[in-house]
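> this is a predicted model, with the sequence first.
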2 protein chains.
Amino acid sequence: MSRFLNVIPVAEAVATVIRISPEPVKEMIPVESSVGRILAAAVTADTDIPGFDRSVVDGYAVRAADTAGAGDAIPALLHCTGRIAMGRQDAKISVGPGTCAYIPTGGVLPAGADAIVMVEYTEDASDTVLVKKAASHGENVLLRDEDFKKGKTVFFAGRQITPQDAGVLAACGCASVPVAKKPIVGIISTGNELVPVTMIPGPGQVRDANASMIAAYLTEYGCVPRLYGIILDEREAFEAILTRALPECDVVLLSGGSSKDERDMTAAVIAAMGEVLVHGIAIAPGKPTIIGRIAEKPVFGLPGHPASAFVVLIAIVRPLLDRMLGLSRSIQRTQRATIAVNIPSQRGREEYVRVRLENGVATPLFGKSGLLNTLIRSDGLTRIPAGAEGLEQGSVVEVILW
Amino acid sequence: MSRFLNVIPVAEAVATVIRISPEPVKEMIPVESSVGRILAAAVTADTDIPGFDRSVVDGYAVRAADTAGAGDAIPALLHCTGRIAMGRQDAKISVGPGTCAYIPTGGVLPAGADAIVMVEYTEDASDTVLVKKAASHGENVLLRDEDFKKGKTVFFAGRQITPQDAGVLAACGCASVPVAKKPIVGIISTGNELVPVTMIPGPGQVRDANASMIAAYLTEYGCVPRLYGIILDEREAFEAILTRALPECDVVLLSGGSSKDERDMTAAVIAAMGEVLVHGIAIAPGKPTIIGRIAEKPVFGLPGHPASAFVVLIAIVRPLLDRMLGLSRSIQRTQRATIAVNIPSQRGREEYVRVRLENGVATPLFGKSGLLNTLIRSDGLTRIPAGAEGLEQGSVVEVILW
């Protein structure tokens, strides 16, 4: 292994990631548990919605012409021919000149009627109804197929399902929804300095914070994390755990390896079992990232610092997840903000700076690398492109929210 | 039942909801699956983090004074006394005047050293190391407890756990995390016009879209929805399903009931089995909402239109969930935006208008009530207070995102 990394631009690393990304896999799940999942196919309405001319209020179905000029002082007097029941079309009830019918919200507009007067503007007088407001043609009626037309595409593939989408999918008859299967992502923690969360670290030891952080990120992003625990920095241990994890996962992340020796071990094992495609990216933090492939499966070596690992998850691993999920656009949330102060940066590498957001203003949180507390005190990251020497105060940027 | 509702202001309805809200219940869950959950207790660091003075780079531990004036032309020559191993404190290695020791990222700073020179600024020459850059005292060292101090509160209760939080919780020794138990919310669909999603609606019938939409919203908001299917508008059916659902749930939502008869039935059954606290809220859409309580459990009658039901979920039910989850601030996402056009509103009721967001500008989506398509074409809701006659073009509002 050479002493210095042969770093490549972020765009090139992302292109590599996309090139080795497995295709999305489709599965069917019940609509009521589909929220947050990614549609794997387009969905069309299997019926007209609504399937009939429908009242949107409680009131009286009328012929609009019969109510012309009606008001509080001179109400229109209409003979009530019956009450529309919910859930069925009542052929016996129709509305002719001078008549009306009671209709509940959601009821089928009876033959002959072309508008509905809200009950608030009417008064009952046995079989006669006093209508105190003129109705216009079509008023308070939702027409057949006005919402969605049978056979028309309602959603395209690649969309993340919102609660309202779930409602519309149900309305379209999609009891089972085609979604992208959640990628299974293995997390292997490496490093002789790591101890499990349940232990009190001794001198020189640290708890494995990255595994929980990465698992949480993956869960939030719609994947299934699979934790393989901590292994020692020994070649046999690396090979054994990878041999176990690879058949069980779609992607494997090796987390830890903060020292150069550990990173070299990670790269050497990936090279021996498959191929190393990238070792070193022009990104800060996160330079010593490794991208490889074993048995057609992407394998990443993430940097050991939690803050660096997190940036690499967002900037480098996320495009892989986006692709495996078949997303039409990334679901990483962002927000525009104005930079509060000048942020210098080194040209030639893409830099990610933690920022706090307040009323649309982003203030950078400077601090030593390797600190966890700036991760939880910040609201997101702002990116400084490799070609820039920094961001100027007052410029507007996109903040990647967390 | 009276023909007109006795509507109360939104604030009063919310106060009622909060008054009848069950207390949060705490449970312990593994840190690696804690993302998105709400902390139910404060968390303190059980050790100093880091627990020792730690290198943040690969390099040589030195006495800063020994490198004063060092540069490419005149490097400092230091005798290397050994290599620090990861994961333990090596008492045999110390750094005295004129000496240094190799230290990996994350290694323990050896006795006598006070700074670290990155390997990039050094050159090996057997036992001698050429240091080509002066180091300042403390450089590249993360001091013991610099990140978190033992016994100090790291998180307060009521916070939603982010991926980074999960990492910090792990670092603090929190293998089991105290979180609010997910409220179990029953969903009962009512209405003679409703058919299951699997059926093709006949004349006058509609599919039950609300149950899937509400279940999805509750899931997204950190609750467990429990679906009880569709019941007919008959008193016995209402009573039987409520008798079954109440012991199994923390809250019950009756969804549907778009017609006045159905709403009256809902209110009558709640009154018979418990008490109706609110029937009618000065909110649009969503006026005919019912809030009640049976056997100490909150029971809601939601309006039948999906769009109205959704507004009531956000404006009226959400404060209950916030409280049951013990949230210190709502997790409903919002974003500031400028209103694109004047939006008129009726004074005396709080109005929720669907808007599209583009580059910080919110454009209202007008349309007939009862349409589903405006729900999926919009990005969120903007609220017009009851005291206002509308929103003026150019004014800045908070948009409730979905």
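Looks like it arrived, so ask away. Residues are numbered from 1 along each chain as shown, chains lettered A, B, ... in the order given.
> which residue packs closest to the spatially most central residue of chain A, ignoring adjacent ones?
In chain A, the residue lying closest to the centroid (CA atoms, centre = their mean) is residue A:331, at 4.3 Å. Of all residues not flanking residue A:331 in the chain, residue A:160 sits nearest, at 5.2 Å (CB to CB, 6 or more residues apart in numbering or on different chains). C-beta coordinates here come from the backbone N, C-alpha and C atoms, glycine included.
> again with residue A:173
Spatial nearest neighbour of residue A:173, excluding adjacent residues (CB to CB, 6+ apart): residue A:46 at 4.2 Å.
> got it, and residue A:301?
residue A:290 (3.1 Å).
> that older thread, can you pull the contacts of the residue nearest to the centre of chain A?
Listed by CB atoms under 8 Å, 6 or more residues apart in numbering or on different chains, the contact set of residue A:331 reads A:38, A:160, A:221, A:222, A:322.
> ok, now how distant is the residue nearest to residue A:301 from chain B?
When distance is defined by CB to the nearest CB, to the nearest Å, residue A:290 is 15 Å away from chain B.
> what about that residue, neighbour count?
Here the count is done by other CB atoms under 10 Å in any protein chain shown, and residue A:290 has 24 residues near it.
> now it: phi and psi?
phi -120, psi 130 (degrees, to the nearest 10).
> what about residue A:245, neighbour count?
So residue A:245, with other CB under 10 Å, has 23 neighbours.
> quick one: secondary structure of it?
Three-state assignment for residue A:245 (DSSP: H, G, I helix; E, B strand; the rest coil): helix.
> element containing the closest residue in space to it that isn't next to it in sequence?
Ranked by CB to CB, 6+ apart and with sequence neighbours excluded, the top spatial neighbour of residue A:245 is residue A:186, at 4.1 Å. Here residue A:186, judged by DSSP states H and E, is contained in strand A:184-190.
> tell me which residues are up against that strand.
Counting by CB under 8 Å, 6+ apart, A:208, A:210-211, A:214-215, A:218, A:223-233, A:238, A:241-242, A:245-246, A:248-257, A:262, A:265-266 sit against strand A:184-190.
> partners of that strand, with directions?
Strand pairing for strand A:184-190, determined by DSSP bridges: strand A:224-231 (parallel), strand A:251-256 (parallel).
> check contacts around the residue nearest to residue A:173.
Going by CB under 8 Å, 6+ apart, residue A:46 touches A:150, A:172, A:173, B:200.
> what's the pLDDT at it?
Here the pLDDT value assigned to residue A:46 is 96.
> and if you look at the one 4 residues further on?
According to the model's per-residue confidence, residue A:50 sits at a pLDDT of 95.
> pretty sure it contacts residue A:150?
No. The pair residue A:50 / residue A:150 is not scored as a contact, 11.4 Å apart, by CB atoms under 8 Å.
> if we can go back for a sec, which stretch in the strands paired with strand A:184-190 has the least confidence?
strand A:251-256 (a mean of 93).
> helix or strand right after that one?
Sequence-wise, the next helix or strand downstream of strand A:251-256 (DSSP H and E) is helix A:260-273.
> before we move on, back to that, and the contacts of residue A:46, which are buried?
Buried subset of the contacts of residue A:46 (neighbour count, 16 or more other CB atoms under 10 Å in any protein chain shown): A:172, A:173.
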